[in-house]
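K.L.:
With the input below, show me the fold.
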Amino acid sequence: MNPDAAPAKNELTPQNEARQATVSERFSELGERFERIGAVGLLVIAAPMLAEVERRHGDEARQHCLESLRARVAEIAEERLRTDYVVCLAEPGCDEVMVLLFRKPGSAGFYRTEMPGFRQELSRGLEMDGQQVFYPYLRGGMRLPVGMSVELRNPQFGLATQLRRLMDEARRDCRFAIEEGRRETRNELLETILDHRIYSVYEPIVEVESRTVFGYEALARGPEGSRFHSPLALFSAAEEHELVFELDCVCRESGLRGAMDFPSGTKLFLNIRPTTIHDPSFREDRLIETLQRRQLAPTDVVFEISEQESIRSFAAFREMRDYYRSLGFQFALDDTGAGYAGLEELLEVEPDYIKIDRAMVSGVDQDPARQDVLTAVLQLADKMGAQVIGEGLDTIEELEMLGRLGIRFGQGWLFGHPTPLRATE
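P.N.:
Residues are numbered from 1 along each chain as shown. Predicted coordinates:
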């Protein structure tokens, strides 16, 4: 047998690899191939977000995600690569998947073109499939950094030394890819904010008994086809890059801009954050002028505060709330039932509307416990002089149950997906 010949693919296919085998467990096999063939390329796919999965859901969930990632990488490798590759996990405790590719030292074209091409294909495939790979523990699109390195066999050094050097170099390249990706993401997000490339869609809020539209909530969307299209991706990136205030200002402006020709007699629910008071465009004169251009009055607008947003100073918030309320604006507390300090926020905000999170509304027609919770919230709202809005309605049965419980308003895809108010939006 020719020692330089590449082994047949059936010797190395992922199906023949031990489940969740690590580089250390396969060291003898990997070292023998490196010694025999003379060169090895390494791709390291890092999944740093799995630390958060372990913190929230435990090690079993982390292991499940890591194995799902390994399996998906193996599928892409089998589709893309010809022969002589190994897919395995890194050392225990490292949230990494490794692909080792063995080639002869003279295969410069492979390392110059095929290997970088495979890296790009891996990155694209994992970005597209990340939500499925990590479901149900992580949601939304994500980018997994991929580092690359190459090592030629040098008999002066031990196999362990060279394989360790190979992994260290790939990890350095991976860290570089992470930082490069962060800069790219921040620049793209900054351009989106500076160019005001945010548009709003509007979700109807319906009176349960009459089935007529009471108001519309303005919901921000990033550019179509971009990584920031979904609000989750948009605000997650803004949080990571400390651009939440700047993004929030543009989203509010978008919500008002898209409200041109707003249906008469309905309320505009506009999401704001506690830091909104620092936005110059939110001052009385400019805000009233903006509303007048949309033929809206302060009494047509309801400011939504999320229960999950931290209000650092309730005294300062109450001062801001009372000032805008004196101008005719109303307030709603959003996501009630999904946060960690619901009662405190409820009592301090003293909202005109209490929006019950979809987690408490979904399946309410079949769940007596949820019905009891909503009844208790409704009783508290009555004492506060507030109206209750049930969010996330998907079925007519849920809507009818809200009516039987005495809840006046409902919101959700039952009434259609959020859309722009005008075709030009």
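K.L.:
Could you pull out the helices in the stretch 51-200 of the chain for me?
P.N.:
59-80, 108-109, 115-133, 159-194 (DSSP state H, counting those that start in this stretch).
K.L.:
Show me which residues of the first one are buried.
P.N.:
Right, the one you point to is helix 59-80. For helix 59-80, the neighbour count (16 or more other C-beta atoms under 10 Å) marks 61-62, 64-66, 68-70, 72-74, 76-77 as buried. Every C-beta, even on glycine, is put in place using the N, C-alpha and C of the backbone.
K.L.:
ok, and what's touching it?
P.N.:
If you take C-beta atoms under 8 Å, 6 or more residues apart in numbering as the criterion, helix 59-80 is touched by 13-14, 17, 19-20, 45, 47, 50-51, 53-54, 85, 87-89, 95, 97, 99, 118, 121-122, 125-126, 129, 133-134, 137-138, 144.
K.L.:
what about that helix, distance to the chain center?
P.N.:
Put simply, helix 59-80 sits 20 Å off its chain's centre (C-alpha atoms, centre = their mean, to the nearest Å).
K.L.:
Surely Gln379 is in a helix?
P.N.:
Yes: when classified by DSSP: H, G, I helix; E, B strand; the rest coil, Gln379 is found to be part of a helix.
K.L.:
Can you show me the strands along this protein?
P.N.:
For the chain, the strands defined by DSSP state E cover 39-46, 85-89, 96-103, 146-152, 199-207, 213-221, 267-271, 301-306, 330-336, 353-356, 387-390, 409-411.
K.L.:
Would you mind listing the outside residues contacting the third one?
P.N.:
With C-beta under 8 Å, 6+ apart as the contact definition, strand 96-103 has outside contacts at 6, 23, 30, 33-34, 37, 39-47, 66, 69-70, 73, 77, 81, 84-90, 110-111, 115, 118, 122, 167, 170.
K.L.:
what mean pLDDT does that strand have?
P.N.:
Here strand 96-103 scores 94 as its mean pLDDT.
K.L.:
what are the pairing partners of that strand, and which direction each?
P.N.:
Strand partners for strand 96-103, identified by DSSP bridges, are recorded as strand 39-46 (antiparallel), strand 85-89 (antiparallel).
K.L.:
just the angle between the shortest one and helix 59-80, please?
P.N.:
It refers to strand 85-89. 170 degrees (axes from the mean of the first three to the mean of the last three C-alpha atoms, to 10 degrees).
K.L.:
Report the backbone C-alpha coordinates of strand 85-89 in CSV.
P.N.:
Taking Å, rounded to 0.1, in the frame of the first residue of the first chain, the C-alpha atoms of strand 85-89 are listed here in CSV:
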residue,chain,number,x,y,z
TYR,A,85,-11.3,14.4,7.1
VAL,A,86,-12.4,13.9,10.7
VAL,A,87,-15.1,15.7,12.7
CYS,A,88,-14.8,15.6,16.4
LEU,A,89,-15.2,17.6,19.6
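K.L.:
what bits of the protein have low per-residue confidence?
P.N.:
Flagging of the chain using pLDDT under 70 yields the residue ranges 1-20, 140-141, 277, 307-313, 337-344, 422-425.
K.L.:
Can you get me a residue count around Ser306?
P.N.:
21 (other C-beta atoms under 10 Å).
K.L.:
correct me, but it touches Asp335?
P.N.:
Yes: using C-beta atoms under 8 Å, Ser306 is in contact with Asp335, at 5.1 Å.
K.L.:
Pretty sure Arg175 is one of the things Gly147 touches, is it not?
P.N.:
Yes: here Gly147 reaches Arg175: they are 7.4 Å apart, a contact under C-beta under 8 Å.
K.L.:
Please identify which of the two sits among more neighbours.
P.N.:
Gly147 (23 against 13).
K.L.:
Skipping adjacent residues, who's closest to that one in space?
P.N.:
Leaving aside its chain neighbours, Gly147 sits nearest to Cys174 (2.8 Å; criterion: C-beta to C-beta, 6 or more residues apart in numbering).
K.L.:
which residues touch the one you found?
P.N.:
Val44, Ala46, Pro145, Val146, Gly147.
K.L.:
Recalculate using a threshold of 6 Å.
P.N.:
Residues in contact with Cys174 (C-beta atoms under 6 Å, 6 or more residues apart in numbering) are Val44, Ala46, Pro145, Gly147.
K.L.:
Among those residues, which pair sits farthest apart?
P.N.:
Farthest apart among the contacts of Cys174 by C-beta to C-beta are Val44 and Pro145. That separation is 8.4 Å.
K.L.:
Domains of this structure: list them as residue ranges, please.
P.N.:
9-181, 196-415 (automatic domain parsing).
K.L.:
what about the residue nearest to Leu50 when sequence neighbours are not counted, how many neighbours?
P.N.:
Excluding its sequence neighbours, the residue lying closest to Leu50 (C-beta to C-beta, 6+ apart) is Asp95, at 4.2 Å. Residues contacting Asp95 under the criterion other C-beta under 10 Å number 19.
K.L.:
Hmm, Asp95 is touching Val53, no?
P.N.:
No: if you go by C-beta atoms under 6 Å, Asp95 and Val53 don't touch, sitting 9.0 Å apart.
K.L.:
Next one: Ser281 from Glu246, what distance?
P.N.:
12 Å (C-beta to C-beta, to the nearest Å).
K.L.:
follow-up on the earlier one: of all the domains of the chain, which one comes closest to Asn187?
P.N.:
Nearest to Asn187, of the domains of the chain and by C-beta to C-beta, is domain 196-415 at 9.6 Å.
K.L.:
In stretch 87-94, which residues have enough neighbours to count as buried?
P.N.:
Buried, per 16+ other C-beta under 10 Å, within stretch 87-94: Val87, Cys88, Leu89, Ala90, Cys94.
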